[in-house]
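K.L.:
sequence below, structure please.
(one chain, ligands or ions: 3)
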Amino acid sequence: MSAPVPDLADRADACAQRLRSADRVLLASHIDADGLTSAGVATTALERAGIPVETVFKKQLDAAEIGSIAACEHDTVLFTDFGSGQLDVISEHVAAGDFEALVADHHQPADPEDCHPDVVSDSDGYADFAWHLNPLLEGINGASELSGAGAAYVLARALEPEGGDNRDLAALAVVGAVGDMQAVGGELVGANAGIVDEGVAAAILEEGTDLSLYGKQTRPLPKLLEYATEVPIPGISGDQAGATRFLQDLGLDLKRDGEWRTWADLTDDERQTIASALVKRAVQRGVPADKIDTLVGTTYTLTAEPTGTELRDASEFSTLLNATARYERADVGLAVCLGDREGPLERARSLLANHRRNLSEGLDLVKRQGVTQAGSVQWFDAGDEIRETIVGIVAGMALGTDGVDADKPILAFASTGEGETKVSSRATGPLVGRGVDLSVVMHEASQAVGGDGGGHDIAAGATIPEGEEEAFVEAADAIIAAQLGA
Ligand code: C5P
Ligand code: C5P
Ligand code: ZN
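P.N.:
Numbering: from 1, shown residues only. Ligands and ions are numbered 1, 2, ... in the order given. Sure thing, here's the model as predicted:
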């Protein structure tokens, strides 16, 4: 079968060949939806290829964590959804003979000059080595065209045993890409779109145009509309009575056995009626046209999953996964990815309720506290009020809400509780278009204050010593100003 991402085929083949010669593999992955789905894809592919695999998850890959991986005494370590940015440290371990490394990632690779020269070469300023599967090395955008799970999927296809077919794993790869917010204007593009096509061909994925609100599978209709704050519609969003009245006025039969139906329960005609009325209301109430456009987007449905469950919708699935691994329960999320539908799914659902509450309380905190403007950047410090593992999600949600300038990158601080401060940063497509690259900002500003960081142009993070927040803002502001040519 043809390769899903032709430009990466050689790299994937090299990695697959190396893995086939391993007795067993230690797989290390990141604790978010993309990291979990990366691990789900890679674990399944390795097992199907008859290669025993053990999986570990890390909040952030740093020297200490890589040291603990080296101490596991595995000869072969596969890193997914991180590793490229840490090739400096990884290459030292490889050179020392601690383990052989393979990396399937989409983050900005380390500076080759910081890496061990026997292991790492320079590929257009990016660190590269023998088993390195990263879209950026082939001119593919790592923030919008391929995720960690996508890279793992490319590897999985190269790992197929004789007569095997790993295209069913495209569903998880799409959940990873959606979870990493890779959809551009609501739609997966580039290499991601190629993976969608393979999932559709394998009959496990459906691509459709639908209302782009979160919760179409699981939320009762009034809640679907009330909680839809991505595009605030006056009189409906954040207004339980208003949302209910709006639905009742449409004259549809929206309850079954006294219970509100969900979007997934409706017929196409019923959906059309509600969607049209919603758009009409938005126009009447003066919602800007570009906002109204985002009410409708591309949706990705996992057709093998039961209707009315989080697992059927790629966006809901990814949030469910974030609710596990970002709360130290990656085991639960991985089990769900691997098809375990009993205990783990129930556990994931209760974690999801907690995650939702935390996100909403986090957003409230930002609203209450406000953000501080600092030239080319704005920031807030959540202290220990928001978990460091979700402060980036909150920052992304806050960008563009009332009181937060959509035209400036946002920085968010949260305490790690261990004498360090986690920083998350988020930008927008237009800002990146104008030259903003937060992976550079996070890397350089953190190094300037004795920390470390990296990521993508549009979203990146760092860890810095406690007390260095002000100096960090100053450094980040200067770099962003320079990137914008201000
Ligand atoms: O570590 P990883 O690459 O998996 O995480 C990517 C992060 O970048 C996610 O938290 C995602 O929400 C964020 N992101 C974003 N906007 C984009 C692309 C990514 O906020 N357009
Ligand atoms: O943690 P947060 O969601 O803000 O991370 C945004 C992006 O930056 C993710 O892709 C994450 O993997 C990356 N990151 C990094 N190094 C760090 C912190 C975050 O590469 N120290
Ligand atoms: Zn990722």
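K.L.:
please make it C-alpha for all contacts and neighbour counts, starting now.
P.N.:
Will do.
K.L.:
quick one: the residue lying closest to Ala264 once chain neighbours are set aside from Val436, how far?
P.N.:
Leaving aside its sequence neighbours, Ala264 sits nearest to Gln217 (Cα to Cα, 6 or more residues apart in numbering; 5.1 Å). Going from Gln217 to Val436 by Cα to Cα, to the nearest Å gives 36 Å.
K.L.:
also Ala127?
P.N.:
Distance of Ala127 to Val436, given as Cα to Cα: 21 Å.
K.L.:
between these two, which one's more packed in?
P.N.:
Counted by other Cα atoms under 10 Å, Ala127 and Val436 do not tie: Ala127 has more neighbours, with 28 against 25.
K.L.:
residue numbers of the chain in contact with ligand 2?
P.N.:
Within the chain, the positions near ligand 2 by Cα under 6 Å from any ligand atom are 392, 424-425, 452-455, 459-463.
K.L.:
just the strands in the stretch 101-250 of the chain please.
P.N.:
121-123, 126-128, 132-133, 205-211 (DSSP state E, counting those that start in this stretch).
K.L.:
okay, those strands in a markdown table with mean pLDDT and distance to Leu399 next?
P.N.:
A markdown table is the format used below for the strands of the stretch 101-250 of the chain (pLDDT from 0 to 100; distance: least, Cα to Cα, whole Å):
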| stretch | mean pLDDT | distance to Leu399 |
| --- | --- | --- |
| strand 121-123 | 97 | 34 |
| strand 126-128 | 97 | 30 |
| strand 132-133 | 98 | 32 |
| strand 205-211 | 93 | 22 |
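K.L.:
most tightly surrounded among these?
P.N.:
strand 132-133 (a mean of 27; mean count of other Cα atoms under 10 Å).
K.L.:
quick one, strands of the stretch 301-450 of the chain?
P.N.:
372-374, 377-381, 410-415, 420-426.
K.L.:
name the strands paired with the third one and say parallel or antiparallel.
P.N.:
When pairs are called by DSSP bridges, strand 410-415 turns out to pair with strand 377-381 (parallel), strand 420-426 (antiparallel).
K.L.:
may I have that strand exported as CSV, CA atoms only?
P.N.:
Extracted in CSV, the C-alpha atoms of strand 410-415 (Å, rounded to 0.1, in the frame of the first residue of the first chain):
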residue,chain,number,x,y,z
ILE,A,410,-0.6,35.4,25.8
LEU,A,411,1.7,33.9,28.5
ALA,A,412,0.4,32.1,31.6
PHE,A,413,2.3,31.2,34.7
ALA,A,414,1.4,28.4,37.1
SER,A,415,3.3,27.0,40.1
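K.L.:
can you give me how far it is from the chain middle?
P.N.:
Centroid displacement of strand 410-415 relative to its chain, using Cα atoms, centre = their mean, to the nearest Å, is 18 Å.
K.L.:
the residue of the stretch 51-200 of the chain found nearest ligand 3: neighbouring residues, count only.
P.N.:
Residue nearest to ligand 3 within the stretch 51-200 of the chain (Cα to the ion): Gly148, separated by 4.5 Å. Residues lying near Gly148 (other Cα under 10 Å) number 35.
K.L.:
pretty sure it sits against Asp81.
P.N.:
Yes: at 4.3 Å, Gly148 counts as touching Asp81 under the criterion of Cα atoms under 8 Å.
K.L.:
what's the overlap in contacts for these two?
P.N.:
Jointly contacting Gly148 and Asp81 under the rule Cα atoms under 8 Å, 6 or more residues apart in numbering are 34-35, 38, 104-106.
K.L.:
need the contact list for the residue nearest to Glu316 when sequence neighbours are not counted.
P.N.:
Leaving aside its chain neighbours, Glu316 sits nearest to Glu310 (5.0 Å; criterion: Cα to Cα, 6+ apart). For Glu310, the contacting residues are 215, 217-218, 316-317, 320, by Cα under 8 Å, 6+ apart.
K.L.:
pLDDT score assigned to Glu310?
P.N.:
The score at Glu310 is 94. That number is its pLDDT.
K.L.:
chain center to stretch 168-187, what's the gap?
P.N.:
The chain centroid and the centroid of stretch 168-187 are separated by 8 Å under Cα atoms, centre = their mean.
K.L.:
can that stretch be found next to ligand 3?
P.N.:
No: Stretch 168-187 lies apart from ligand 3 when judged by Cα under 5 Å from the ion; the minimum separation is 5.7 Å.
K.L.:
before we move on, back to that, burial count for the residue nearest to Ala264?
P.N.:
Look at Gln217: counted by other Cα under 10 Å, it has 23 neighbours.
K.L.:
ok, now which ones touch it?
P.N.:
By Cα under 8 Å, 6+ apart, the contact list for Gln217 reads 262-264, 307-310, 312-313, 316.
K.L.:
contacting ligand 1 as well, which ones from the contacts of Glu310?
P.N.:
When Cα under 6 Å from any ligand atom is applied, no member of the contacts of Glu310 is adjacent to ligand 1.
K.L.:
what's the single longest helix in this structure?
P.N.:
helix 343-369 (DSSP state H).
K.L.:
quick one: work out the angle between it and strand 377-381.
P.N.:
110 degrees (axes from the mean of the first three to the mean of the last three Cα atoms, to 10 degrees).
K.L.:
tell me the buried residues in helix 343-369?
P.N.:
For helix 343-369, the neighbour count (16 or more other Cα atoms under 10 Å) marks 344-345, 348-349, 351-352, 355, 358-359, 362-363, 365-366 as buried.
K.L.:
same question for stretch 52-65.
P.N.:
By neighbour count on 16+ other Cα under 10 Å, the buried set for stretch 52-65 is 53, 55, 57-62.
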